[in-house]
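Asker: My questions concern the predicted model and sequence given below.
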Amino acid sequence: MAETNRVVGARASESGAYLGPGSKANGRLLFEGPTTIEGEIEGEILVHGNLTIGENAVIKGKVSATSVVVRGKVTADIQADKKIELQPPAVVVGDLITQALIIADGAILEGHCAMKKEKEGKVLPLLRQEGQGRKSEESV
């Protein structure tokens, strides 16, 4: 029995922060690591990690995270460094900014989407290498 409790404890610590159903918060919330929200939030949410917005969650405020999975209702803009995924019955009323976007059948988006490139400038070094390669070919 003690072993089972240890496994459950390990899973709980891996899951990060959790705001369960019935939770209500106002203001600016900052989370480190994976976060799951099932309650109601009015204000800005900043997550240094992955954010899951549960089916019963209601968010009214800007959301920023590494990656975001939405199953609930968000009335605000969402910005994710890597990916935003809308899964049914998600309803998002606001703009999305991310590198990758997945909208599953049954999810609703009322807003605009801006796709951005990775932060690393990979194109410029490739152009410089290509130019250097041409010079060496010409001199041979």
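Answerer: Perfect, I can see it now.
Asker: which residues touch the residue lying closest to P34 once chain neighbours are set aside?
Answerer: Excluding its sequence neighbours, the residue lying closest to P34 (C-beta to C-beta, 6 or more residues apart in numbering) is G16, at 3.7 Å. C-beta coordinates here come from the backbone N, C-alpha and C atoms, glycine included. G16 makes contact with 31-36, 49, according to C-beta atoms under 8 Å, 6 or more residues apart in numbering.
Asker: for A76, same thing?
Answerer: By C-beta under 8 Å, 6+ apart, the neighbours of A76 are 59-63, 93-94.
Asker: Make sure G43 is actually in contact with L30.
Answerer: No: at 10.9 Å, G43 does not count as touching L30 under the criterion of C-beta atoms under 8 Å.
Asker: can you pull out the helices in the chain?
Answerer: With helices called from DSSP state H, the chain shows them at 2-15, 123-139.
Asker: and those helices, which one is worst for confidence?
Answerer: When the helices of the chain are compared on mean pLDDT, helix 2-15 scores lowest, with a mean of 40.
Asker: count of residues packed around T52?
Answerer: With neighbours defined by other C-beta atoms under 10 Å, the count for T52 comes to 23.
Asker: What of G106?
Answerer: Burial of G106 is recorded as 10 neighbouring residues (other C-beta under 10 Å).
Asker: so what's it up against?
Answerer: Here G106 is in contact with 88-89 (C-beta under 8 Å, 6+ apart).
Asker: same question, L19
Answerer: 25, 35-39, 41.
Asker: Highest neighbour count among these?
Answerer: Ranking these using other C-beta under 10 Å puts I37 first, with 28 neighbours.
Asker: Many thanks, we can stop here.
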